[in-house]
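1. what follows is a predicted protein model with its sequence.
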2 protein chains.
Amino acid sequence: MRPSQAPVLTLEVTHRDPETSARCAVMTTRAGPVDTPVFMPVATQATVKSLTRAELLQLDVGLLLCNAYHLYLRPGADVVERAGGVHGFMNWQGPTLSDSGGYQVFSLEALREISDEGVRFRSHVDGAELFLSPEQAIVMQQQIGADIIMSFDQPVAYPADEAAAADAAERTHRWAEAGRRAFRPETGQALFGIVQGGFSAALRRRTAARLADLDFEGYAVGGLSVGEPMELMLDMAEVALSELPPDRPRYLMGVGMPEDLIDAVALGFDMFDCVLPTRLGRNGCAFTRRGRINLKNAEFADDFGPLDPECDCQACRDHTRAYVRHLFKANEILAKRLLTYHNLSLYFWLMREMRQAIAAGEFSAFAVHWQPRLAGLSPGADAG
Amino acid sequence: MRPSQAPVLTLEVTHRDPETSARCAVMTTRAGPVDTPVFMPVATQATVKSLTRAELLQLDVGLLLCNAYHLYLRPGADVVERAGGVHGFMNWQGPTLSDSGGYQVFSLEALREISDEGVRFRSHVDGAELFLSPEQAIVMQQQIGADIIMSFDQPVAYPADEAAAADAAERTHRWAEAGRRAFRPETGQALFGIVQGGFSAALRRRTAARLADLDFEGYAVGGLSVGEPMELMLDMAEVALSELPPDRPRYLMGVGMPEDLIDAVALGFDMFDCVLPTRLGRNGCAFTRRGRINLKNAEFADDFGPLDPECDCQACRDHTRAYVRHLFKANEILAKRLLTYHNLSLYFWLMREMRQAIAAGEFSAFAVHWQPRLAGLSPGADAG
């Protein structure tokens, strides 16, 4: 974590799938190496909701995502910095990535005013009026201290007016340039750019090509998985990726369901994050190797089998569906914990299996076997 | 857990304190032995709120309390029975005790009608009108299958009218007799009687003496720690205890704070339960060896020290006060988990230390040293 002269981030591709664009690599950050493809669990407020660091270590988390915008509002970037950055604050020594907050400012909070200089908005915590510039988004992330930090960007909603999407993409590009200039590489942190461009292939392609010229340590494709059809999402992701340098990590933001991750890995993406396994878990949905089931359903009241009969995680080993259903009906915290843990364990199992399948040259066969099962579409699936 | 001809519950007193009535014993239930004095964490809905069984094992829980009334309402005694009783339902093989629900029926829910035959009331889960007799309270607890079960009783509020307290004590006695007759000892479960009697020493004494004649496997003193002064609580507990057989376990229900447990152990009680370490923990209160602190307070925003500097539990080893405060301010589940775990770890530490002090003949010195510190009354205490 000390300032260093070495490259702040390297990517060594170790295996390429012969039939798809899937690849395995070792991405080395200042906090250590990460095997890719990697799924990042979401620790928005410096906590993967309901889990401890000991459990994240058990789950073999490779790269942890936190949200700089949320931490900037509460407890404040200064508090996190005094704690030794997000590593010290969370007591998490493994590699971390912070999202800049563009998505939150534009989609979750009351937007006040947007200009090329930045965004004026109200804090959802205390209502204070705040201003965030693309430069400040970088300074604040460097204070918070994740190992990979993200440019400040402007996503658009789906469906997006093409002129509005072009305008947002243009602003995102200028903000990427401004952030690049404000970034201090001597901390050893890496800065990623974000491709926007709405739902136009031509705009996505043009935007990605221009962004690649700015020579970021890695590239993300953002503004997808916001309600558009899956086919369109994959098309946009693919066309953007085709313009990004293959020697840099490529991150598909906000994706996705297990079956979507298989598609995205096949395209050649290396990094993913998604709130669904944790958020849906807190709402009673268990991801299983035979599709998703809702434990709140009455059919599980007398089901004394494990959550996912093919899983060996501690939540599945120790608890029955009937018990977890009872915990949900009684609104008990443990219910949320158990499904969060199990769902993430399934995601980490999937990523490990995909890496092994790529290394063994068997990724396509893996995808054909598991994709319908994970989606609950195979014969005998439990989907509920 | 099989039917047995052996005594369903034995108490072997191993040490007696020379200066107080404190004692150490091994209480043997059908599910195994329990070292006393023992504190029971409260698993009202078959879960110690926020914790897993693995954590209860780490905490070295000797005897777990669940609430038959809550489980009878949801998921239903039949579901718990089909799961193999509360042991199978929770996957908890250690000794368990179920409270009968008298306290819940009388204090938490809409009471409909009380008679010598039992209580008609509305379920807080679905509003259904239900009737619970003293016999049914036993049948239902035998289905739910805890190793120690409790008579159905009628507590009174503080302050209580003496005539009303006498009336409730009389009814509690008749219900104890009825429950004793309904109880089937061949399951190997043990049945405890409960002393009521409000806040009159004479009534408590008379009630306890009559109850002792019914030859229960153990005796509880109930209806205390409901708002009365601590001195009065201890007086009532002591006078009841003086009439109870010394060769049986004696359980002081609903007590208490760490400093109160020291007083109650000194009187000669063996068993305790209390929701405070878990409930207050979920609300931000950490019990420390220098008193209680509220982590929500602003003074902890920049406090990067452990929750309790004298504690070696995992919550204290892995997290700072500033981080836990942030989790509370952000309303994160992990905050509740960490303080629940830490507070219980302090309680189990206290019980272990008290047992060791009694065994070493040093209980009075232990009490003089720790009682003011745990209450936050010693010089340099952090109490907040």
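-> Cool, got the structure.
2. what residues go with each domain of chain A?
-> Chain A breaks down by automatic domain parsing into domains covering A:10-274, A:281-374.
3. enumerate the residues of the stretch 201-350 of chain A near chain B.
-> On the criterion C-beta under 8 Å from any C-beta of the partner chain, chain B has as its neighbours in the stretch 201-350 of chain A the residues A:301-302, A:304, A:314, A:318-320, A:322-323, A:325-327, A:329-330, A:332-334, A:336-338. (C-beta placed from N, C-alpha, C; glycine too.)
4. in the lengthiest helix in chain A, which residues are buried?
-> Longest helix in chain A by number of residues (criterion: DSSP state H): helix A:333-359. For helix A:333-359, the neighbour count (16 or more other C-beta atoms under 10 Å in any protein chain shown) marks A:333-351, A:354-355, A:357-358 as buried.
5. now do the same contact list for the closest residue to A:D318 other than its chain neighbours.
-> The shortest distance from A:D318 to any residue other than its chain neighbours is 5.5 Å, reached at B:N91 (C-beta to C-beta, 6 or more residues apart in numbering or on different chains). By C-beta atoms under 8 Å, 6 or more residues apart in numbering or on different chains, the contact set of B:N91 is A:D318, A:H319, A:T320, A:Y323, B:R53.
6. try it again with 10 Å
-> A:R317, A:D318, A:H319, A:T320, A:Y323, B:T52, B:R53, B:A83, B:G84 (C-beta atoms under 10 Å, 6 or more residues apart in numbering or on different chains).
7. tell me, how many residues neighbour the one residue in the stretch 151-300 of chain A that gets nearest to chain B?
-> With C-beta to the nearest C-beta, the shortest gap between the stretch 151-300 of chain A and chain B falls at A:R282, namely 8.4 Å. A:R282: 20 surrounding residues under other C-beta atoms under 10 Å in any protein chain shown.
8. please report how far the closest residue to it other than its chain neighbours lies from B:S50.
-> Excluding the flanking residues, the one nearest A:R282 by C-beta to C-beta, 6+ apart is A:K336, at 4.4 Å. The span separating A:K336 from B:S50 equals 9 Å under the rule C-beta to C-beta, to the nearest Å.
9. repeat that for A:M40.
-> Taken as C-beta to C-beta, the span from A:M40 to B:S50 is 25 Å.
10. one more: A:L334?
-> In this view, A:L334 and B:S50 are 6 Å apart by C-beta to C-beta.
11. kindly report the same for A:Q58.
-> Taken as C-beta to C-beta, the span from A:Q58 to B:S50 is 18 Å.
12. who's more crowded, the two?
-> Ranked by neighbour count (other C-beta under 10 Å), A:Q58 and B:S50 place B:S50 first, with 24 against 15.
13. quick revisit: who wins for most neighbours among the contacts of B:N91?
-> Among those, A:Y323 has the most neighbours (other C-beta under 10 Å), with 27 neighbours.
14. okay, and it sits in which element?
-> For A:Y323, the enclosing helix or strand under DSSP states H and E is helix A:321-329.
15. near chain B, which residues of the stretch 1-150 of chain A show up?
-> Counting by C-beta under 10 Å from any C-beta of the partner chain, the stretch 1-150 of chain A comes close to chain B at A:44-55, A:70-71, A:73-76, A:78-80, A:82-84, A:88-92, A:125.
16. give the contact list for A:T28.
-> A:A6, A:P7, A:V8, A:L9, A:T10, A:L11, A:E12, A:V34, A:P95, A:A190.
17. again but with A:W175, I slipped
-> A:100, A:102, A:116-119, A:133-135, A:137-138, A:151-154, A:193-194, A:196.
18. for the residue nearest in space to the middle of chain A, list each beta-bridge partner.
-> When C-alpha atoms, centre = their mean is applied to chain A, the residue found nearest the centroid is A:D273 (1.6 Å). Taking DSSP bridges as the rule, A:D273 bridges to A:M40.
19. was I right to think it contacts A:D99?
-> Yes: counting by C-beta atoms under 10 Å, A:D273 does reach A:D99; the two are 8.0 Å apart.
20. look up the residues that both of the two are in contact with.
-> Residues touching both A:D273 and A:D99 (C-beta under 10 Å, 6+ apart): A:M40, A:V42, A:L65, A:A220, A:M253, A:G254.
21. grab the two from those that are most spread out in space.
-> Taking C-beta to C-beta as the measure, the shared contacts of A:D273 and A:D99 span a maximum distance of 14.5 Å, between A:V42 and A:A220.
22. what separation do you get for the residue of chain A positioned farthest from its centre and A:H319?
-> If you look at how far each residue of chain A sits from its centre, by C-alpha atoms, centre = their mean, the farthest one is A:D302, at 35.9 Å. Using C-beta to C-beta, A:D302 is found at 15 Å from A:H319.
23. same deal with A:L63?
-> In terms of C-beta to C-beta, A:L63 sits 28 Å off from A:H319.
24. neighbours around A:P185, how many?
-> With other C-beta under 10 Å as criterion, A:P185 counts 14.
25. which residue is the nearest non-sequential neighbour of it?
-> Spatial nearest neighbour of A:P185, excluding adjacent residues (C-beta to C-beta, 6+ apart): A:V8 at 6.0 Å.
26. number of nearby residues for the one you found?
-> With other C-beta under 10 Å as criterion, A:V8 counts 20.
27. now do the contacts for it.
-> Counting by C-beta under 10 Å, 6+ apart, A:V8 touches A:28-30, A:147-148, A:185-191, A:217.
28. sorry, back to before: for the helix holding A:Y323, name the packing helices and strands.
-> Here helix A:321-329 touches strand A:291-294, helix A:333-359, helix B:77-82, helix B:85-90, going by 3 or more C-beta pairs under 10 Å, 6 or more residues apart in numbering or on different chains; DSSP states H and E.
29. give me the distance from it to the chain's centre.
-> Distance of helix A:321-329 from the chain centroid (C-alpha atoms, centre = their mean, to the nearest Å) equals 29 Å.
30. next: stretch A:82-89.
-> Centroid separation between stretch A:82-89 and its chain, computed with C-alpha atoms, centre = their mean, is 21 Å.
31. what of stretch A:348-361?
-> For stretch A:348-361, the distance from its own C-alpha centre to the chain's C-alpha centre is 18 Å (C-alpha atoms, centre = their mean).
32. what do you get for stretch A:27-43?
-> In terms of C-alpha atoms, centre = their mean, the gap separating the centre of stretch A:27-43 from the centre of its chain is 11 Å.
33. before we move on, what about stretch A:148-161?
-> Mean C-alpha position of stretch A:148-161 versus that of the full chain (C-alpha atoms, centre = their mean) differs by 14 Å.
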